[in-house]
Every structure is written in structure tokens, then in C-alpha cells.
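**Student:** Based on what follows, work out the 3D shape:
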Amino acid sequence: MLEFPLNPAVHICSTGCVENQLDGARMERFFQANGWQLTNEPREADLVLVNSCGYTESLEQSSLGALEHLKKAIKPGARIHLVGCVPAINPEIAGERDGFRVIPRNLAALNKLINARVPIEEVEANTLPPDEEKVDRFRAAMISLKRSLELVDRASPFGLPRGLRQFRYISDDRAYYIKISVGCLGRCSFCAVRRAKGKLLSREPERILKDFDQGLAEGYHDIVLSADEVGSYGRDRGATLAQLLAEFLKRPGHYQIFLRNLDPEWLIKDLDNLIPIFQTGRFPYIVAPVQHGSPEILKLMDRGYTTQQAMEAFMLLRKEIPAMILRTHFIVGFPGETDEHFREMLDYALELKVDHFKVHEFSPRPHTRAALLPDSVPPRVIRRRARRMQLLGLKIFARSFFA
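**Tutor:** Below is the predicted model of the structure:
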């Protein structure tokens, strides 16, 4: 246990995904439950936590950049700690820096750090910090647009065009988040997140349903199921995601459920059970990251499905639930990706007929199989291909305005 002054203050800086933001919110509640004050000013804090993301090299560098910036801003005697994924994914680079202590991904280490009276295991966070506290101007603009469109949608007798409806599903502080699991069952050759999060650990369905009921009782209408990968939920407990969703649907009320990070492997395996659930209209969109359109590259990624299987699943969803917004992700520049492989991905993305896709530039992550593969793609080629994919994504997004 470290020594801190009376009435200590903590500043928490969270980077990366929504799951990381929720961990940051949980830490804030943990410190408040133990008598700490929260501060937005790092110079006023006795303890600063940088809740890091290491999914890609750029996100890792962003986290480490935040760490270096905050080290210069803190007052004499204050402590700064790196937590989150980076210490687990890339301990070598985290260990090269001084002035902070690395806390393992297991947040229970915080209990010992401050000699907690209320352990973090007893603390939950189901909402994000208010968006007004965020400094990301682009995200703030998107949330402002979302809320304006919500008003237009309610006032219009015709509803919003499909393209504009997508903005309504931007995650913000008006949604109620329920963490259903951590970790995954994946074996992706490029991903280091499992090194940080571990194998799948699903929460008990009773606790999840209790959270769901609490969210409805508090007046929330947008329920977001949060996990590193939602599709495999329950597989470590002899259950499935479809069974959990069916339990939600027994609850009456005005609500919709959002699924983040639904891996196509599990979408494909449970599609027959998921389609009738999706047809209830409670699930306005899903994000299922296909990652590549070349059969050869997808096999190297070791994603657990083929491009044809993913295509057939998306086509069936489009046919059976035409109103559902379908989104995916693609990675460009994976080792061995030739011009022909890239053309295959362009053609595949166009044929897939999703409403929107996100493009990631491949970056080798420590301790992954993909980092050891030969035939790496030059960075300038990766950037050029990413721009072409992004341009295609804009065209597909524009097309959705007329769907």
C-alpha cells in the first residue's frame, strides 16, 4: 500500500474503445466509494491513472503519449500509474519508462494500491462519463449531430433515411451499458487483446438480467451489451448469446438493444437462433468485423470462418431483417497482402452490401503470430490502400441514403 494525503484526489485518463471507457468509469466510482475526490485537472491530483489501449500501435503510442504529457503536468509528489492493456500487451515498452508503476490488467490490484475499504469487485459502471467532459471535438460533433437527428426522427412522419439513421447509434452517455463478458475464444493471429484480457469469462445471466432491469427502471431506452466479443457469450457456461437475448425480450417496455463486437464466427454458428430474435425489431444494428475479403488472407488471420460463410450470413440478415443496419471492419496491409488480395477485398466490400465499414491499418503487435509472418507490406502501400478503402466506404455510406 502506498501513502496518500488526507482527502486525496485522482485523475483518470482513459483512451481507446468503449470497453476501456467503461473500465475508466468503474475506476472513478471505485475511488469515490473509497473517499477519493475526482478531478479533471491532473495538476490537482495525488494519483493519476492512464487507462491505456494497445489494440494497434497507433493507439498504444497515443496512450504512451498521454502518459508522457501527464508526467510533465502532475504536481511534485504525485504518483502516476499505467493501467489497462498496454502493460500486458507490450510490457517491454511499458517497462522502459520510469516515474510510474505498472498495474496488471486485473483491476483488483487497485484494492492493494489504496488499501480499499470497498473493493473494486463490488463496484460496477453502467454509464459513460458525461460527453461534455470529453475533449474529442470530432466525437462531440458526432454526438451533437446524433441528438439533433433524434429530434428530427421523432418529428418526421416519414423517418430518417437509412444513412442518417446510422448516426443515431453512436455510443454516448445517454445509453445504459451492460458488460456481459471479458476475454474471448478467438485465435486471431493479429490480435494482442487476448493477451491483455485472457480467455472468455462470461458473467452470470442472473446478474446481467438484474442490470438490464435496473437500466429500464432508471428510464434508459438504449441498452448496449458490452464485451470484448459478444458473440461467444455463455460458451464457457454451456449457454449462448441467443439464449441471453431471448431472456431480455421477455421484459416489456420501450427499449432497443445494441450489440458491439459480434464476431462473424459466432454469428454464423448461431444464425438460425439469432434471426427470429433480430426480427423482433429490438436490435437496430450489429457490428460484425469480417476483417478481410480475400480467402487466402482471411485464412492467415485465423478468424474461424471463410469469406463465403460471412457473405452468406450478411446476405441472409439483409433478406430477413432489411431494416437492420449492418456494419463491419476491414484490416488493410496484413502480411502477404498483394495487389490482387487487395482488389479481392475491394470487390468483397462492395458485394457485402453493408451500411458502413471501418478501416484499420495493420500494425504488428508484440507476441502475435502475425508479427512473425513474412512479406510485410510497406507502410506507404498500407496508407494508400487504406485511403482507397475509406473512399469506397464513403461511397457505400452515401448509397445507404437512398436505400
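**Student:** Run through who's touching stretch 339-346.
**Tutor:** Under the criterion Cβ atoms under 8 Å, 6 or more residues apart in numbering, residues His292, Gly293, Ser294, Pro295, Glu296, Ile297, Phe330, Val332, Arg385, Arg388, Met389, Leu392 lie in contact with stretch 339-346. For the C-beta atoms, the positions are set from N, CA and C on the backbone; glycine is no exception.
**Student:** Can you give me the buried ones in stretch 308-326?
**Tutor:** Buried residues in stretch 308-326, counted by 16 or more other Cβ atoms under 10 Å: Gln309, Ala310, Met311, Ala313, Phe314, Leu317, Ile321, Met324, Ile325, Leu326.
**Student:** quick one: the helices in the stretch 101-250 of the chain?
**Tutor:** Applying DSSP state H, counting those that start in this stretch to the stretch 101-250 of the chain gives helices spanning 109-114, 137-155, 162-165, 193-197, 205-217, 241-248.
**Student:** go on, the stretch 251-400 of the chain?
**Tutor:** Assigned by DSSP H, counting those that start in this stretch, the helices in the stretch 251-400 of the chain fall at 264-269, 271-278, 295-301, 307-320, 339-352, 379-399.
**Student:** re the thing from before, among the contacts of stretch 339-346, who's most crowded?
**Tutor:** With neighbours defined as other Cβ atoms under 10 Å, the most crowded of these is His292; it has 28 neighbours.
**Student:** Contacts only, for the residue nearest to Glu44 when sequence neighbours are not counted.
**Tutor:** Using Cβ to Cβ, 6 or more residues apart in numbering and skipping the chain neighbours, the partner closest in space to Glu44 is Ala9 (5.7 Å). Counting by Cβ under 8 Å, 6+ apart, Ala9 touches Trp36, Gln37, Leu38, Thr39, Glu44, Ala45, Asp46, Leu47.
**Student:** Identify, from those residues, the entry nearest to Lys358.
**Tutor:** Leu38 (31.6 Å; Cβ to Cβ).
**Student:** So the closest one is in contact with Gln32, correct?
**Tutor:** Yes. In this structure, Leu38 is within contact of Gln32 by Cβ atoms under 8 Å, at 6.5 Å.
**Student:** how far away is the nearest residue to Ala192 once chain neighbours are set aside from Glu206?
**Tutor:** Using Cβ to Cβ, 6+ apart and skipping the chain neighbours, the partner closest in space to Ala192 is Arg365 (3.8 Å). If you measure Arg365 against Glu206 using Cβ to Cβ, to the nearest Å, the figure is 36 Å.
**Student:** more neighbours, these two?
**Tutor:** Neighbour count, other Cβ under 10 Å: between Arg365 and Glu206, Arg365 has more, with 20 against 9.
**Student:** ok, back up a step: want to try CSV for the buried residues of stretch 308-326, with distance to Ala246 as columns?
**Tutor:** Converted to CSV, the buried residues of stretch 308-326 look like this (distance: Cβ to Cβ, whole Å):
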residue, distance to Ala246
Gln309, 24
Ala310, 24
Met311, 27
Ala313, 20
Phe314, 23
Leu317, 18
Ile321, 16
Met324, 17
Ile325, 22
Leu326, 21
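**Student:** Going by secondary structure, Gln32 is in what exactly?
**Tutor:** Using DSSP states H and E, Gln32 sits within helix 18-33.
**Student:** Report the distance from that helix to the chain centre.
**Tutor:** 15 Å (Cα atoms, centre = their mean, to the nearest Å).
**Student:** before we move on, back to that, just the buried subset of the contacts of Ala9, please.
**Tutor:** Taking 16+ other Cβ under 10 Å as the criterion, what is buried in the contacts of Ala9 is Trp36, Ala45, Asp46, Leu47.
**Student:** re the thing from before, contacts only, for the residue nearest to Ala192.
**Tutor:** Taking Cβ under 8 Å, 6+ apart as the test, what Arg365 contacts is Gly54, Thr56, Glu57, Ile89, Asn90, Phe190, Cys191, Ala192, Ala371.
**Student:** May I see the PyMOL selection of the buried members of these?
**Tutor:** In PyMOL, this line selects whichever of the contacts of Arg365 come out buried by 16+ other Cβ under 10 Å:
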select buried, resi 54+56+89+90+190+191+192
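**Student:** Now do the longest strand along the chain: everything it contacts.
**Tutor:** The longest strand of the chain (DSSP state E) is strand 325-332. For strand 325-332, contacts defined as Cβ under 8 Å, 6+ apart pick out 162, 165-166, 169, 190, 284-293, 301, 314, 317-318, 342, 345, 349, 352-362, 382, 385-386, 389.
**Student:** same thing but at 6 Å, please
**Tutor:** Defining contact as Cβ atoms under 6 Å, 6 or more residues apart in numbering, one finds that strand 325-332 is touched by 166, 285, 287-291, 354-360, 362, 382, 385-386, 389.
**Student:** How about stretch 376-396?
**Tutor:** Contact partners of stretch 376-396, identified using Cβ under 6 Å, 6+ apart, comprise Val332, Gly333, Pro335, Glu337, Phe342, Phe357, Val359, Glu361.
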